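Engineer: here is my input, please return the structure:
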Amino acid sequence: MAKKVLILSSSPRRGGNSDTLCDEFMRGAVESGNHVEKIFLRDKTIHPCLGCSVCSLHKKPCPQKDDAAEVIGKMLEADVIVMATPVYFYAMSAQMKTLIDRCCGPYTEMKNKEFYFIATAAEEDETIMKRVVDNFCGFLDCLENPIIKGTVFGGGVWHVGEIKDKPVLTEAYEMGKKV
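Structural biologist: As a prediction, this is how the structure comes out:
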């Protein structure tokens, strides 16, 4: 049965290394008959959370007029959420963290979602991926019944295009096919 897959690419560089892995994951997921949408977060205006509690305490829509509500709405509709980030200073990108923080009110509605994580880093050390996944799990720990289905790590890539011809491209494609 086809699933609704939402890919959140948080690279500030279109065609960057983590964004390229997103494209390969998407190619595999589409070939397997899934409905896939990729959102390039840099194209969206998402302001940081103000901590005003309008969403969490008063259960009202966030008063900020930006694209966060649209993206979060798509997260709520998705069966599968792919969260992709380049690693900066051993953590996820600011674009991804800002989106996560804006889920403060509606996160309680994110139930039974499957998650995949994609990360790229200049260093090749695989323990970097564990740090990033642990960081993502801070978000998932607040959700009801999230399931981590897979992770893809592209290490040893810094500049745009360095991911080309790396075996991790096939790994992302194959993981997408298994959605």
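
Engineer: on contacts alone, who are the packing partners of the helix or strand bottoming out on mean pLDDT in the chain?
Structural biologist: Within the chain, confidence by mean pLDDT, DSSP states H and E is lowest for helix 127-140 among all helices and strands, at a mean of 95. Judged by 3 or more Cβ pairs under 8 Å, 6 or more residues apart in numbering; DSSP states H and E, the packing partners of helix 127-140 are strand 114-121, strand 147-155. To be clear about C-beta, it is placed using only N, CA and C from the backbone, and glycine gets the same treatment.

Engineer: let's see that with 10 Å instead.
Structural biologist: strand 80-86, helix 94-101, strand 114-121, strand 147-155 (3 or more Cβ pairs under 10 Å, 6 or more residues apart in numbering; DSSP states H and E).

Engineer: select, out of the ones you listed, the one closest to residue 169.
Structural biologist: strand 147-155 (8.2 Å; Cβ to Cβ).

Engineer: list the buried ones in that closest one?
Structural biologist: For strand 147-155, the neighbour count (16 or more other Cβ atoms under 10 Å) marks 150-155 as buried.

Engineer: do you know which of the helices and strands packed on helix 127-140 lies nearest residue 48?
Structural biologist: That would be helix 94-101 among those, by Cβ to Cβ, at 5.5 Å.

Engineer: need the CA coordinates for that closest one. CSV is fine.
Structural biologist: In CSV, the C-alpha atoms belonging to helix 94-101 read as follows (Å, rounded to 0.1, in the frame of the first residue of the first chain):
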residue,chain,number,x,y,z
ALA,A,94,19.5,25.5,12.3
GLN,A,95,16.8,25.2,9.6
MET,A,96,15.8,21.7,10.9
LYS,A,97,16.0,22.7,14.6
THR,A,98,13.9,25.8,14.0
LEU,A,99,11.2,23.7,12.4
ILE,A,100,11.3,21.1,15.2
ASP,A,101,10.9,23.9,17.8
